[in-house]
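after the sequence you'll find the predicted model.
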Amino acid sequence: MNFKQIEAFRAVMVTGSMTTAATQLHTSQPNISRVIAQLERETGFKLFARIAGRLTPTVEAEALFRDVERSFLGLDSLRASARSIREVGVGTLRIGTVPSIAMSVMPQAIARFREQHPDVPIAVHTSDSPTVAKWTANQFCDFGLVSYVVETAGIDSALLRDEPGVCIVPAEHRLARKRVVHAADLDGERFISLTHGDGTRAIVDAAFAPDRRVLTLETPYAATICTMVEMGLGVSVVNPVVVRSLKLPGVRAIRFEPAIPFESYVLHNQQRPVPALAQAFLDCLPAADA
């Protein structure tokens, strides 16, 4: 597997067409087809199929594309960094964060930071906690904001926020008037979860034993869970910061027991002092809440 193959694969995934991908990469459609065929032989699975005359990626291609995009994110960031240095000079603030923080406290923190540093370029990159930790370790980002800490060489962590999770239900739900929802109250309820493999998902699931929830939906984003709950698709237990930031009128947030800690952490690279701009931004975070 080489860069030429990955570049061709990404171009086809993004454009949905081998012809358009060839134009984008300044080559021919037959050459793109040949490179994709080589990649299929090396990976051992089919990447695209023709369905009703349209080029459709396989499930395996979608999974591979997610990892490819993470790699190209680094290349795109390098291009953006070079452009920023050329146009603005040194000083771009690069922040790695999980989506729940990016969608809740991040906008307010940026607004506060802008009051003192209106012209500093900011790049916010989002992914899961393990990926943000890797970005911080390899200095792709100046610091990381994560939901849980994974063992990563060269990283120090500090607790940023710790709040108990809340149960969220539709406003007209049978539990909407309760002051406290217990795990047993959700027996038989359609429950919307974070995706498998997420550290926060594991903490939430541990509160339900024996588990009688009906697990029907999962998504990587707490904000999406809140929207689904408002639409009546189920109930959940989420970070209260996300609920406050969305202000959805059709969602009721209720104290949940047993208490589930929803923590967030700041990650620093052990080999690099915290840049002044990064520290200035971190100083804006404690007061940023919806």
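Here it is on my side, so go on. Numbering: from 1, shown residues only.

where do the strands sit along the stretch 101-250 of the chain?
122-126, 143-146, 155-164, 166-170, 180-182, 190-193, 214-218, 236-238 (DSSP state E, counting those that start in this stretch).

may I have the strands that pair with the second one, each with its orientation?
The reference is to strand 143-146. Sheet partners assigned to strand 143-146 using DSSP bridges are listed as strand 93-97 (parallel), strand 261-269 (antiparallel).

and for the fourth one?
Here strand 166-170 has these sheet partners by DSSP bridges: strand 236-238 (antiparallel), strand 251-257 (antiparallel).

where do the domain boundaries of the chain fall?
According to automatic domain parsing, the chain is divided into the following domains: 3-67, 91-161+264-282, 166-259.

if we can go back for a sec, CSV please, covering the strands paired with strand 143-146 and showing mean pLDDT.
Output for these, formatted as CSV (pLDDT from 0 to 100):
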stretch, mean pLDDT
strand 93-97, 93
strand 261-269, 94
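
just those strands: most buried one?
strand 93-97 (a mean of 23; mean count of other C-beta atoms under 10 Å). For the C-beta atoms, the positions are set from N, CA and C on the backbone; glycine is no exception.

which residues touch it?
For strand 93-97, the external contacting residues (C-beta atoms under 8 Å, 6 or more residues apart in numbering) are 77, 81, 106, 120-127, 131-132, 135-136, 140-146, 267, 275, 277-278, 281.

with stretch 48-63 instead?
9, 12-13, 16-18, 36, 43, 45-47, 65.

quick one: the helices in this structure, in order.
In the chain, the helices defined using DSSP state H lie at 3-15, 18-24, 29-43, 59-87, 99-102, 105-116, 129-137, 199-205, 222-230, 240-246, 276-282.

any chance of the strands paired with strand 143-146 in a markdown table, plus distance to residue 30?
Converted to a markdown table, the strands paired with strand 143-146 look like this (distance: least, C-beta to C-beta, whole Å):
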| stretch | distance to residue 30 |
| --- | --- |
| strand 93-97 | 40 |
| strand 261-269 | 46 |
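
burial of residue 44, as a residue count?
7 (other C-beta atoms under 10 Å).

and for the one 10 residues further on?
Here the count is done by other C-beta under 10 Å, and residue 54 has 9 residues near it.

picking up where we left off before, write the PyMOL selection for whichever of the contacts of strand 93-97 are buried.
In PyMOL, a selection of the buried entries from the contacts of strand 93-97 looks like this (16 or more other C-beta atoms under 10 Å):
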select buried, resi 77+106+121+123+124+125+126+127+131+132+135+136+140+141+142+143+144+145+146+267+277+278+281
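
now do the contacts for residue 266.
143-145, 157-158, 160, 282, 285.

ok, those residues vs residue 256, which is closest?
residue 160 (21.3 Å; C-beta to C-beta).

tell me which residues touch that closest one, please.
145, 263-266, 285-286.

can you read off the pLDDT for it?
Here, the pLDDT recorded for residue 160 equals 90.

please tell me how far it sits from residue 171.
31 Å (C-beta to C-beta, to the nearest Å).

what do you get for residue 277?
For residue 277, the distance to residue 171 equals 42 Å [C-beta to C-beta].

again, but for residue 98
As judged by C-beta to C-beta, residue 98 and residue 171 stand 28 Å apart.

residue 279 too?
In terms of C-beta to C-beta, residue 279 sits 42 Å off from residue 171.

try residue 140
From residue 140 to residue 171 the distance is 42 Å (C-beta to C-beta).

try residue 94
Applying C-beta to C-beta to residue 94 and residue 171 gives a distance of 40 Å.

give me the number of residues near the nearest residue to residue 271 once chain neighbours are set aside?
Leaving out its chain neighbours, the residue that sits closest to residue 271 by C-beta to C-beta, 6 or more residues apart in numbering is residue 154, at 6.1 Å. By other C-beta under 10 Å, the residues close to residue 154 number 14.
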